[in-house]
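> sequence isn't available, so here's the structure alone:
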């Protein structure tokens, strides 16, 4: 590498060490490389809209155990709270898991409102009442995917990774 170490010493006074290292600038990172670096280091923000605390804790534990990308979770207890988060904070989320049967504002209406503000945000609908899901309302709400509860962990993780990549 061509470096040097210099020593100046005086008896009773001490020593001074000087280290000389040659410097040559590194090529700048290409835009594509920077995008890859950003993708690797990005922390995704996931909103879980779920009125049942036990279900939320299940999702939280499942994602912690199975999801191998950096993320943070936010919890909304009903559709109105989810809408308010978007109105007050802008599009800070990368993905939403939305229960359909919610107090105050149901998942259909919350999704429709959020999609009118941010049409590109992926929303995965979920319901324990899969047989009573209204396909016309699902289409109108513009959900990107649907999972029946109880959710299969492989299906959930696969969908999350698909939408976050």
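That came in fine, so what should we check first? All values reported here derive from a predicted model rather than from experimental measurement.
> for the rest of this, base every contact and every neighbour count on C-alpha atoms.
Will do.
> my guess is residue 9 contacts residue 16. True?
Yes: between residue 9 and residue 16 there is a contact at 6.3 Å, judged by Cα atoms under 8 Å.
> need the helices for this structure, in chain order.
With DSSP state H, the ranges of helices along the chain come out as 31-41, 53-66, 79-89, 107-117, 135-141, 153-164.
> skipping adjacent residues, who's closest to the residue at minimal distance from the centre of the chain in space?
Nearest to the mean C-alpha position of the chain, by Cα atoms, centre = their mean, lies residue 44 at 2.1 Å. The spatial neighbour of residue 44 that comes closest, neighbours along the chain excluded (Cα to Cα, 6 or more residues apart in numbering), is residue 71 at 4.3 Å.
> let me see the contact set for the one you found.
43, 44, 45, 46 (Cα atoms under 8 Å, 6 or more residues apart in numbering).
> distance of it from residue 106?
26 Å (Cα to Cα, to the nearest Å).
> closest one to residue 128 among the helices of the chain?
Across the helices of the chain, residue 128 has its closest neighbour in helix 53-66 (10.8 Å, Cα to Cα).
> circling back to that earlier point, model confidence for the residue nearest to residue 44, exactly?
pLDDT, residue 71: 91.
> ditto for residue 93
92.
> and residue 113, by the same measure?
95.
> and for the residue nearest to it when sequence neighbours are not counted, the neighbour number?
Once flanking residues are discounted, residue 113 sits nearest to residue 83: 7.1 Å by Cα to Cα, 6+ apart. Neighbourhood size, residue 83 [other Cα atoms under 10 Å]: 20.
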